[in-house]
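Visitor: have a look at this prediction, sequence included:
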Amino acid sequence: MATAPRYWRENPSRYNMYGIKCNSCGKCFFPPRVICPVCHRKSVGKIETIKLKGEGRIFSLSEVHEGLEELSLQRPYVLAMVELDEGPKVTGQVIDCDPCDMKIGTKVRVTMRKLSEEGPSGVIHYGYKFIPVPEKSP
Amino acid sequence: MTMRRVAIIGVGDTEFGELWDASFREIGIKAGLAAVASANITADKIDAVYVGNMSAGRFIEQEHIGALIADYSGLARDHIPATRIEAAGASGGLALRQGFMAVASGLHDIVVVGGAEKMTDVSDVESAMIQSSAADQEWETVLGATFPGLHALIAHRHMHEHGTTRDQLADVAVKNHKNGSLNPKAQFQREIKRETVLGSPMVASPLRVFDCAPSSDGAAAVVLCPLDHAKNYTEMPIEILGSGQASDTLALHHRKDICTMEATKVAAARAFKMAGLSQKDVDIAEVHDNFTISEILAIEDLGFFKKGEGGKATEEGRTSLGGEIAVNTSGGLKARGDPIGATGLAQAVEIVTQLRGGAGKRQVKDASVGLTHNVGGTGATVVVHLLRRV
């Protein structure tokens, strides 16, 4: 079982979608990195923390039926890779949806939810999941 | 700098499966001793040992695997260097590369490289958690991504972009089970049908139980020496002509294209360049089919088939025994089994066995060049080796 600080130190990004922008090449990354993988040392001193909007579209998805013990009560659940509007891709659950309606290209946005808990009296971990965003018919 | 040419002079392995009566150290030693015996060497000749192992710390709560294996191999009094190598699923292939480099550099003459994993001493749920640690714990697993789930994301996208079909994924498992039925050391020695795969329980859509390699116990080992000395030990040395290694982002979502394992392409290019060979020279390949979709990516990214045509090639039998390139003649990870740290070495053992003409009913006629392809995580480490009959 992981200790609370291990989760706590990642909370700024898990709660608020803080990523970074490299002001050398202009690319955005999530989660934050110290060095831009495109610009390498040229990015030193040019990394800016930004808050991502948390909106994007499903890039790929799966309905997960077996696996992690912590999520056993939620199975089956939709796991997706989401391409955020700012460019980075992230992985997370899609909730409050009919799994049959979720497709590659479905518009989603982040929402903060409980991720897991350390037993009945332990620390509860929160972070982002995704919910579908209705789109106006063309 | 000139490198010495390196040969494999002995191989050994255990049966793969749920080996309830055998401990980690027992299987490790069994494979090592078999390799040493087949190389016809004595213990005092061994200069160093490398051991590929992903997670003994979590599977059997034992770290310090290098010293453990050297000790129980009876080598503690010789104080030889013993090193454990870890790169998740690629631990075995990477250990082989470290041994290759040690001999090629001139630092050591006789090196034993082993790989071992004991996965069944923990529950299936615990085993799944440990395997998921090959992915990014903080930004994939914590957010709900299982290891099969990540490969399901690859599969779904590959089907979307390239039209790979659910049947074609099943055909990978059908082929590898057929090959496994001809391998007396395989974990699964029974043939299956497409319907077996399509009717098995869902793990992470579109992947079902029969799309996934099993949890296994097992070990495999090889003995290396300079090619110039090889004939002193064996009539049939197998040369390691090329060795390539590459890394990529730990998390799948940071890749440029999740339908391509860039590290496979780069590691293969490096191995082919070192060997002075090209894809058309390869007769047999052991590729990392931890999931059916993984074999399709592998045969595309290794350059045997164009991107998007791996599923079709499998369906048409082009990778079956008797096809233009026989892939996973051992049964692969799917049917031979996948004791993680042992897998990269088991691939080498199968290629050596084939190149020496000793593969029995699954023998590929006149095979002279073979390739091994070993992957860690969802493609963050890839190791490729090219082997040739001398």
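Guide: Now that the structure is in, tell me what you want to look at.

Visitor: how is chain B partitioned into domains?
Guide: Per automatic domain parsing, the structural domains of chain B span B:6-123+B:216-238, B:126-213+B:241-389.

Visitor: can you say which of the ones you listed is nearest to A:Gly45?
Guide: The minimum distance between A:Gly45 and the domains of chain B falls on domain B:126-213+B:241-389, with 22.9 Å, by Cβ to Cβ. The C-beta positions use only the backbone N, C-alpha and C, and glycine is treated the same way.

Visitor: off-centre distance for that closest one?
Guide: 9 Å (Cα atoms, centre = their mean, to the nearest Å).

Visitor: strands along chain A, start to end?
Guide: In chain A, strands defined by DSSP state E lie at A:18-22, A:28-29, A:47-51, A:55-64, A:77-84, A:89-94, A:107-117, A:124-132, listed in chain order.

Visitor: do the stretch 51-200 of chain B as well
Guide: B:82-85, B:111-118 (DSSP state E, counting those that start in this stretch).

Visitor: coming back round to it: can you redo the domains of chain B as CSV with mean pLDDT, mean neighbour count and distance to chain A?
Guide: CSV is the format used below for the domains of chain B (pLDDT from 0 to 100; neighbours: other Cβ atoms under 10 Å in any protein chain shown; distance: least, Cβ to the nearest Cβ, whole Å):
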stretch, mean pLDDT, mean neighbour count, distance to chain A
domain B:6-123+B:216-238, 97, 22, 9
domain B:126-213+B:241-389, 98, 23, 3
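
Visitor: out of those, which comes closest to A:Ala80?
Guide: Among these, the nearest to A:Ala80 by Cβ to Cβ is domain B:126-213+B:241-389 (7.7 Å).

Visitor: where does chain A have its least confident helix or strand?
Guide: Across the helices and strands of chain A, mean confidence by mean pLDDT, DSSP states H and E is lowest for helix A:4-8: a mean of 83.

Visitor: which of the residues in that one are buried?
Guide: Using 16 or more other Cβ atoms under 10 Å in any protein chain shown as the burial criterion, the residues of helix A:4-8 that qualify are A:Tyr7.

Visitor: for B:Leu75, which residues are in contact?
Guide: Counting by Cβ atoms under 8 Å, 6 or more residues apart in numbering or on different chains, B:Leu75 touches B:43, B:46, B:49, B:82.

Visitor: residue ranges with poor pLDDT in chain A?
Guide: A:1-2, A:138 (pLDDT under 70).

Visitor: chain B contacts on that one?
Guide: A:7, A:10, A:31, A:59-69, A:71, A:76-77, A:79-81, A:88-93, A:104, A:115-116, A:125, A:127-129 (Cβ under 8 Å from any Cβ of the partner chain).

Visitor: which PyMOL command selects the buried ones in these?
Guide: Here is the PyMOL command that selects the buried residues among the residues of chain A next to chain B (16+ other Cβ under 10 Å):
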select buried, chain A and resi 7+10+31+59+60+61+62+63+64+65+66+67+68+71+76+77+79+80+81+88+89+90+91+92+93+104+115+116+125+127+128+129
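
Visitor: to what extent is A:Val110 buried, counted in neighbours?
Guide: The number of residues packed near A:Val110 is 22, by other Cβ atoms under 10 Å in any protein chain shown.

Visitor: which residues touch the closest residue to it other than its chain neighbours?
Guide: In this structure, A:Val110 finds its nearest non-sequential neighbour in A:Gly54, 3.4 Å apart by Cβ to Cβ, 6 or more residues apart in numbering or on different chains. Counting by Cβ under 8 Å, 6+ apart, A:Gly54 touches A:17, A:84, A:109-110, A:128.
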